[in-house]
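Q: Model the following, please.
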Amino acid sequence: MVLGLSTLVIIFLYDVTFTKELPRWTFFYMAFAAFAYQTLDAVDGLHARAIKASSPLGQLFDHGIDALLNGTMGCCQMAAMRTGANPYAFFYYQGLVVILILILDCILYSALATLLQQSQVHRSWSFWIDRRYVRSDF
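A: Down below sits the predicted model:
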C-alpha cells in the first residue's frame with residue numbers, strides 16, 4: 001500500500017495536470033511498485049490460507065485495499081499517457097475496471113459454490129487446502 005501511494009505522491013510532485021512529461025525513472029518506479037503490489041497481494045492470501053488464518057473479514061479488507069490502489073494505478077496510467085486532468089477519462093477507466101472485477105468475482109463465486117455443492121465434507125473458507133487440491137511434491 002505504501003508503494004502504491006508513493007507513486008501517486010511522485011506523480012503529483014512532478015505534474016498535477018497529467019500533461020507534462022515525467023522523468024524516466026518515475027516509470028521504472030511505477031512498474032516496480034505495480035509488480036511488488038501484485039506479487040505481495042497474491043502471496044498474502046496464499047500464506048493466510050496455508051496457515052489457516054484466512055477469514056471473510058480478511059478477504060474483505062484485501063478487496064478494499066485493492067479498490068483503493070486501483071485508483072492509484074489509474075492515475076499512473078493517465079500520467080504515462082498524458083491524458084490531461086480529464087475526469088471522464090479517469091471515470092471511464094475506473095468503470096471498466098470495476099465491471100471487469102465484478103465479472104471475475106461472479107465467476108469466482110460460481111466456481112466456489114459449485115465446488116462446495118460437490119464436496120459435502122469441506123465447507124470452510126480454506127477447503128482448497130485439503131490434500132486432494134494441493135500438490136504433495138512441495
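
Q: Over the lengthiest helix in the chain, what's the mean pLDDT, rounded is fine.
A: Of all the elements of type helix in the chain, the one with the most residues (DSSP state H) is helix 87-118. The pLDDT scores in helix 87-118 average 74.

Q: For it, name the packing helices and strands.
A: helix 56-81 (3 or more CB pairs under 8 Å, 6 or more residues apart in numbering; DSSP states H and E). No exception for glycine: its C-beta is placed from N, CA and C like everyone else's.

Q: Now find how far off-centre the helix it packs on is within its chain.
A: From the chain centre to the centre of helix 56-81 is a distance of 6 Å (CA atoms, centre = their mean, to the nearest Å).

Q: now stretch 78-93
A: 20 Å.

Q: what's in contact with it?
A: 11, 15-22, 27, 30, 74-75, 77 (CB atoms under 8 Å, 6 or more residues apart in numbering).

Q: Emit the ChimeraX select command for whichever of those are buried.
A: In ChimeraX, this line selects whichever of these come out buried by 16 or more other CB atoms under 10 Å:
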select :11,18,22,30,74,75,77
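
Q: Nearest to A111 among the contacts of stretch 78-93?
A: G74 (27.7 Å; CB to CB).

Q: what about the closest one, distance to A89?
A: 9 Å (CB to CB, to the nearest Å).

Q: just to confirm, which helix or strand has T39 in it?
A: Per DSSP states H and E: T39 is located in helix 24-50.

Q: Next, the angle helix 56-81 makes with that helix.
A: 160 degrees (axes from the mean of the first three to the mean of the last three CA atoms, to 10 degrees).

Q: list the buried ones in helix 24-50?
A: 26, 29-30, 33-34, 37, 48-49.

Q: pLDDT and distance to S6 added to these, as JSON lines?
A: Below are the buried residues of helix 24-50 laid out as JSON lines (pLDDT from 0 to 100; distance: CB to CB, whole Å):
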{"residue": "T26", "pLDDT": "90", "distance to S6": "11"}
{"residue": "Y29", "pLDDT": "92", "distance to S6": "8"}
{"residue": "M30", "pLDDT": "89", "distance to S6": "10"}
{"residue": "A33", "pLDDT": "90", "distance to S6": "7"}
{"residue": "A34", "pLDDT": "87", "distance to S6": "12"}
{"residue": "Y37", "pLDDT": "87", "distance to S6": "11"}
{"residue": "A48", "pLDDT": "82", "distance to S6": "25"}
{"residue": "R49", "pLDDT": "81", "distance to S6": "29"}
